[in-house]
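Q: Structure for this input, please:
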Amino acid sequence: MEAAAQYSKILIILDRPNPISGNLQLTEGPMLDMTTTSFLGRWPLPIRHSCTLGELAIYFNTTRNIKVSLEIVPCSGWNRNMFQPDWLLPFVPTSPAMQSFE
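A: Numbers count the residues shown, from 1 in each chain. Just a heads-up that it's a prediction; the model follows:
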């Protein structure tokens, strides 16, 4: 995001739902301790945030004053209360450490 803003490029995000539901009432977990930031954790966010990738981009663009031009292609056929198995699509690991939805 920051590089796109620096070079005045539009950042296009193909939004995707959160595999563990987008229900914001399920948000939980500790926030990042700002003394332990790294490439993997730069900004405070609950462990389970329930946001889509596009929502996170909008949030960080605003709260971090990044000023990137965002174009977000929305998800379709999804609602906030769905979990990944409800999508009726194969599970694609979001991390090498997460080999299944369970």
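
Q: now could you export just the CA positions of the helix ranked longest in the chain as CSV?
A: The longest helix of the chain (DSSP state H) is helix 53-63. The C-alpha coordinates for helix 53-63 follow below in CSV (Å, rounded to 0.1, in the frame of the first residue of the first chain):
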residue,chain,number,x,y,z
LEU,A,53,-9.1,-8.0,2.9
GLY,A,54,-10.7,-4.9,1.3
GLU,A,55,-12.1,-3.7,4.6
LEU,A,56,-8.6,-4.0,6.2
ALA,A,57,-7.2,-2.0,3.3
ILE,A,58,-9.7,0.8,3.8
TYR,A,59,-9.1,0.7,7.5
PHE,A,60,-5.3,1.0,7.3
ASN,A,61,-5.4,3.5,4.4
THR,A,62,-7.5,5.7,6.7
THR,A,63,-6.0,5.1,10.1
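
Q: So which residues make contact with it?
A: Applying Cβ atoms under 8 Å, 6 or more residues apart in numbering, the contact partners of helix 53-63 are 1, 11, 13-16, 43, 45, 49, 51, 66-68, 70, 72, 74-75. Every C-beta, even on glycine, is put in place using the N, C-alpha and C of the backbone.

Q: Geometric centre of this protein: which residue is closest?
A: Centroid-nearest residue in the chain, with Cα atoms, centre = their mean: Leu53, separated by 3.2 Å.

Q: helix, strand or coil for the residue lying closest to Pro17 once chain neighbours are set aside?
A: Closest residue to Pro17 apart from its sequence neighbours, by Cβ to Cβ, 6 or more residues apart in numbering: Trp78 at 4.8 Å. Under DSSP: H, G, I helix; E, B strand; the rest coil, Trp78 falls in the coil class.

Q: What separation do you get for Thr37 and Phe60?
A: 14 Å (Cβ to Cβ, to the nearest Å).

Q: returning to what we had before: sitting in strands, which of the contacts of helix 53-63 do you find?
A: Leu11, Ile13, Leu14, Leu70, Ile72 (DSSP state E).

Q: Relative to Pro85, which of the residues you listed is nearest.
A: Distance to Pro85, by Cβ to Cβ, is smallest for Leu14 among the ones in strands among the contacts of helix 53-63, at 21.2 Å.
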